[in-house]
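Student: Compute the structure for the input listed below.
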Amino acid sequence: MQWDKISDIILVSSLMVLAVFAILGLYQWIKRKSLAKVDKPLIWMILPLALMAVTYYIFDRFLIWNTRPNGSGEPSFPSTHVMVVATIFFCVAIILPRYVRSKAMCIVIDLLMLLLLVSVCVGRVAANMHWISDVIGGIIFAIIFSTIYYLTTRRS
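Tutor: Numbers count the residues shown, from 1 in each chain. Predicted structure coming up:
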């Protein structure tokens, strides 16, 4: 299997993880009969997602720093795959202890997410889809977005 396909699968898997938390929020909303009674970290998850979307749009339309090393001419900075996967995984790591009581299980899940993230980072460069700087940029944006998420949810 090719690295770009592997990174696509991991991207879709991270979106499925995000969907689990969205379904949990929807379940809470229906069961508790009020959006105000839904866990705040689930509601605030929209913030890093919105920041990712805006960042993608800006760098895809206006601030084209790099083009892909494969010669396609497409914008490549930051790596959207890395930015999305890292942001989702970092945010999940922040709220996971709230929903998974076993500390050992949280560590196992965090390590699995880290392994998958490293695979995406390596895969995007190995597939000749991104420069290392694109991957680093994706990680930096993910750290910024998840830090903002942490700061908005730490008291919830």
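Student: So what's the predicted local confidence for the residue located most distally from the centre of the chain?
Tutor: Relative to the centre of the chain, the most outlying C-alpha is that of Lys33, 29.1 Å out, by CA atoms, centre = their mean. Model confidence at Lys33, given as pLDDT, is 87.
Student: With Ser156 instead?
Tutor: Reading off the model, Ser156 has pLDDT 64.
Student: can you check Gln28 too?
Tutor: Looking at Gln28, its pLDDT reads 89.
Student: Dump whichever strand or helix holds Ile88 to PDB, restricted to CA.
Tutor: In the assignment (DSSP states H and E), Ile88 maps to helix 80-99. Output in PDB follows, covering the C-alpha atoms of helix 80-99 (Å, rounded to 0.1, in the frame of the first residue of the first chain):
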ATOM      1  CA  THR A  80      -3.700  19.500   5.900                       C
ATOM      2  CA  HIS A  81      -3.500  15.800   6.700                       C
ATOM      3  CA  VAL A  82      -1.100  16.400   9.500                       C
ATOM      4  CA  MET A  83      -2.900  19.500  10.800                       C
ATOM      5  CA  VAL A  84      -6.300  17.700  10.900                       C
ATOM      6  CA  VAL A  85      -5.100  14.400  12.400                       C
ATOM      7  CA  ALA A  86      -2.800  16.200  15.000                       C
ATOM      8  CA  THR A  87      -5.500  18.600  16.000                       C
ATOM      9  CA  ILE A  88      -8.200  15.900  16.400                       C
ATOM     10  CA  PHE A  89      -5.800  13.600  18.300                       C
ATOM     11  CA  PHE A  90      -4.500  16.400  20.600                       C
ATOM     12  CA  CYS A  91      -8.000  17.500  21.400                       C
ATOM     13  CA  VAL A  92      -9.100  13.900  22.100                       C
ATOM     14  CA  ALA A  93      -6.100  13.400  24.400                       C
ATOM     15  CA  ILE A  94      -7.200  16.500  26.300                       C
ATOM     16  CA  ILE A  95     -10.800  15.300  26.900                       C
ATOM     17  CA  LEU A  96     -10.200  11.500  26.900                       C
ATOM     18  CA  PRO A  97      -9.700  11.200  30.700                       C
ATOM     19  CA  ARG A  98     -13.200  12.700  31.200                       C
ATOM     20  CA  TYR A  99     -14.800   9.700  29.400                       C
END
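Student: Return the distance of it from the chain's centre.
Tutor: The chain centre lies 5 Å from the centre of helix 80-99; the measure is CA atoms, centre = their mean, to the nearest Å.
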